[in-house]
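*Asks:* Predicted coordinates and the sequence they were generated for:
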Amino acid sequence: ADVRPDDPMIQLRFAFTWDNSGLHFHAEAIDAPTGYKRPAGGGEQVELLIDPKSDGFVWGGPEDFHFVFRPVGSAGEVSDLNHPHAMPAKFERTPHGYNIDADIPWSLLGLTPKPGLQFGVTTAIASNGRYEWQPTLKLNWRFFQRRDERYGLGTLHLQ
């Protein structure tokens, strides 16, 4: 990794809950610890990748989801890089980062919720400098290249 001693430490705590209406994503992003001044105009984001069939994540794949949460402005922005639809989320600024709460309908994912359901997920936090000489840091939870040119993710098991 190309991490320098003065680069900020980034952290992401996350959890999922669910009910019959959807999958609920909760994240606490820490990307500006005490003493670190975030570069002006830099990018902050949390990514959530979902592979509903657990057959390997495909970039731009029509059956997979790549949500990007950016805490810009007062409401924040959410996009799905694999599909052209908007999804609401709640953003809350904190002294050292931001919190996210998002509700993802099961109908969007093409899944029927029930205890024991399993599917692929991962999440990541990124803190990007505005210029190439500023640090760009990214921390993934579980993400790896498979032999078949797809990507493996962690497994979410509903209970």
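*Replies:* It's in. The structure presented is a predicted model; accordingly, all values stated were derived computationally and were not measured.

*Asks:* any chance you could map the helices in this structure?
*Replies:* Along the chain, counting by DSSP state H, helices occupy 106-109.

*Asks:* ok, the spatially most central residue of it - contacts?
*Replies:* Centroid-nearest residue in the chain, with Cα atoms, centre = their mean: E47, separated by 2.2 Å. Contact partners of E47, counting by Cβ atoms under 8 Å, 6 or more residues apart in numbering, are 66-69, 123-126. For glycine as for every other residue, the C-beta is placed from the backbone atoms N, C-alpha and C.

*Asks:* If it is in a bridge, with which residues?
*Replies:* Note on E47: beta-bridge partners V68, A124, judged by DSSP bridges.

*Asks:* Find the least confident helix or strand in this structure, judged by mean pLDDT.
*Replies:* Lowest by mean pLDDT, DSSP states H and E among the helices and strands of the chain is strand 136-140, with a mean of 80.

*Asks:* Partner strands of it, with direction?
*Replies:* Strand 136-140 is paired, per DSSP bridges, with strand 118-128 (antiparallel).

*Asks:* What's the separation between G116 and H66?
*Replies:* Distance, G116 to H66, using Cβ to Cβ, to the nearest Å: 26 Å.

*Asks:* Looking at these two, which is more packed in?
*Replies:* Shown here are G116 and H66; by other Cβ atoms under 10 Å, H66 has more neighbours (18 against 7).
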